[in-house]
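A.B. asks: Prediction below, plus the sequence it came from.
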Amino acid sequence: MVVQPKLIIHGGAGSSLQGKGGLKAVRKSLYQVIDEVYALLLTGASAKEAVVRGCQLLEDDPRFNAGTGSVLQSDGQIRMSASLMDGTLKRFSGVINVSRVKNPIDLAVFLQNASDHVLSDYGAAELARELQLPLYNPLTDQRLQEWLEDRKDNFKRSMANVVSESAGTGTIGVVALDQNGQLAAGTSTGGKGFERIGRVSDSATPAGNYATDQAGVSCTGIGEDILDECLAAKIVTRVTDGQTLKAAFDKSFAEAHDRQRDFGAIGIDATGAIAWGKTCDVILAAFHDGQNRGDSLEAPQGTQVFSGIS
Ligand code: ASP
């Protein structure tokens, strides 16, 4: 039986997106990725292939805080993290705090079939060298200027302004359901910005990116809050244990709201339901449900779930 593919992506979450100029540009960027990756799913690509392509495209877009355009850490260096989870194999892989590569998700792809599934800075750099990935500087002028501005203020902000009218940026994530009914999730980030050296992002942990054969979820926002809620694994486990995607999102976001967490998430389940949720003002999510594209850019706070079995 051929299943209708589903796709949802995000480009981060955070404070308010004001100004239609910023909003329009973000929507255009997200829909370009949706169009290319959804078309790929229609050709029969696997969920994992689609997720990887979506992550690469979003990493390459300097608007988003992953790959090219990653934010700088407190010492002015870029360190990126990315992970990939194959819901069918139930296999997680990722890299933590890797530098000088163009697409950190490519390292996570390689690690899916290696005996060690998650590598941190030194090991990730060694792997990039072994794979002969060309050295790449993901720094953009805009990120440097943002870091210099914040340095003047002695880094008082708790997180880089990854969602703003000017930058309109954020961590990226992709969740897909393919024609065979298989699910995968991928997430990639430059981190929250201005963090201490060695800080580990949620994005390369199952708290930030998780999938089984029943559901897949990718998160964005304050990584410490996502880790404390173990958000992606919690939502996916709730669905795997029998809750609908909507019930799992609603419950997890109600709990998070009560605990004043600051984040968002996207997800798809095996029935084809698509969801996003947020406790913060904005999550830059866009989706394709087989009939229509849609997005969350102007949505009120809360969770929203689309589609059903198709
Ligand atoms: N979750 C990421 C982190 O804390 C940041 C983000 O999603 O923008 O590293």
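C.D. replies: The structure has been received and is ready for your questions.

A.B. asks: Minimum distance to the ligand, which residue of the stretch 51-200 of the chain gives it?
C.D. replies: residue 171 (3.2 Å; CB to the nearest ligand atom). Where you see a C-beta, it was placed from the backbone N, CA and C, and this is true even at glycine.

A.B. asks: scratch that, the chain
C.D. replies: Closest point on the chain to the ligand, by CB to the nearest ligand atom, is residue 223, at 2.5 Å.

A.B. asks: show me the contacts for that residue.
C.D. replies: Residue 223 sits next to 191, 192, 200, 201, 202, 203, 208 when contact means CB atoms under 8 Å, 6 or more residues apart in numbering.

A.B. asks: Among those residues, which are located in strands?
C.D. replies: Among those, no residue falls in strands (DSSP state E).

A.B. asks: Now tabulate these in JSON lines and tack on neighbour count.
C.D. replies: Output for those, formatted as JSON lines (neighbours: other CB atoms under 10 Å):
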{"residue": "191", "neighbour count": "28"}
{"residue": "192", "neighbour count": "25"}
{"residue": "200", "neighbour count": "16"}
{"residue": "201", "neighbour count": "28"}
{"residue": "202", "neighbour count": "31"}
{"residue": "203", "neighbour count": "32"}
{"residue": "208", "neighbour count": "31"}
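
A.B. asks: I'd say residue 81 and residue 101 touch.
C.D. replies: No: here residue 81 does not reach residue 101: they are 11.5 Å apart, not a contact under CB atoms under 8 Å.

A.B. asks: So between these two, which is more surrounded?
C.D. replies: For residue 81 versus residue 101, the count of surrounding residues by other CB atoms under 10 Å is larger for residue 81: 33 against 24.

A.B. asks: in the protein, which segments are predicted with low confidence?
C.D. replies: 15-21, 154-169, 307-310 (pLDDT under 70).

A.B. asks: re the thing from before, give me the distance between the residue of the chain closest to the ligand and residue 191.
C.D. replies: 8 Å (CB to CB, to the nearest Å).

A.B. asks: who touches both of these two?
C.D. replies: Common neighbours of residue 223 and residue 191 (CB under 8 Å, 6+ apart) are residue 201.
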